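Novice: Quick one, what's the 3D model for this:
(one chain, ligands or ions: 1)
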Amino acid sequence: MIGGGDSAAEEATFLTRFASKVYLIHRRDELRASKIMADRALTNAKVEPVWNATVSEYITDDKGEMTRIRIKDTVDGVERELEVKCVFVAIGHVPNAGFLGDLVDTDENGYIIQQPAGTTKTNLAGLFAAGDVADHVYRQAITAAGDGCRAALDAERFITDLEEA
Ligand SMILES: Cc1cc2nc3c(=O)[nH]c(=O)nc-3n(C[C@H](O)[C@H](O)[C@H](O)COP(=O)(O)OP(=O)(O)OC[C@H]3O[C@@H](n4cnc5c(N)ncnc54)[C@H](O)[C@@H]3O)c2cc1C
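Specialist: The predicted model follows:
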């Protein structure tokens, strides 16, 4: 598991249900995760933290299956390899709204602002935002799907209003 936040700590703990060993690879020497999440991961005997490290290469065998990763120490630059079968990445989200340029209002992290709050409308009439691109809190499949339904209804009403105008 690569990352140091809540997601990485939570998923590292979860993976111990299936894996005999989980490396928790983080570029710093302490987790950014909340104390409870960090403690849960770090006190799990199957979780081995790998501090001050970034992954520089994923190494596969002839069949294309992962066998090792090369990691680089962020302090002294020394590289070494770890034997792993899978890698999971939890290093944060960047909402994919860049293609809209300056057309829509976004918050400081790039999430599209739904406005008025409680709708899927945006500052641009006729453009509706649904799902993770407008939700920095829940970011779940079911909330995104619900948002999609709300956006469809908002769009339908928008079109109806245009037709009646
Ligand atoms: C590792 C991981 C595990 C997860 N586990 C869970 C879980 O267990 N339960 C859960 O509920 N949620 C989970 N999620 C979250 C869930 O996947 C998301 O909340 C959900 O997929 C968001 O749906 P979305 O439609 O907003 O975005 P996405 O599913 O990301 O869909 C966006 C779509 O838009 C397309 N797109 C992007 N840009 C453009 C463009 N310019 N033009 C056209 N199309 C474009 C993309 O190709 C993509 O198909 C997980 C997410 C991750 C990353």
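
Novice: Check this protein for the residue nearest the ligand and tell me.
Specialist: residue 131 (2.1 Å; Cβ to the nearest ligand atom). The way it works is simple: take the backbone N, C-alpha and C, and place the C-beta from them, glycine included.

Novice: Spell out which residues of this structure are next to the ligand.
Specialist: 96, 99, 131-133, 139-142, 144 (Cβ under 6 Å from any ligand atom).

Novice: Can you say which of those residues are buried?
Specialist: 131-133, 144 (16 or more other Cβ atoms under 10 Å).

Novice: Kindly report the domain assignment for this structure.
Specialist: As assigned by automatic domain parsing, the chain contains the domains 6-83, 98-164.

Novice: any chance of these in CSV, plus mean pLDDT?
Specialist: Output for those, formatted as CSV (pLDDT from 0 to 100):
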stretch, mean pLDDT
domain 6-83, 96
domain 98-164, 96
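
Novice: just to revisit the earlier point, and the residue of the chain closest to the ligand, how far from residue 10?
Specialist: 21 Å (Cβ to Cβ, to the nearest Å).

Novice: all strands for this protein, in order.
Specialist: 22-25, 47-50, 53-60, 66-73, 79-83 (DSSP state E).

Novice: most packed of those?
Specialist: Among the strands of the chain, strand 22-25 has the highest mean neighbour count (mean count of other Cβ atoms under 10 Å), at a mean of 24.

Novice: If you count contacts, what does it end up packed against?
Specialist: If contacts are counted by 3 or more Cβ pairs under 8 Å, 6 or more residues apart in numbering; DSSP states H and E, strand 22-25 sits against helix 6-15, strand 47-50, strand 53-60.
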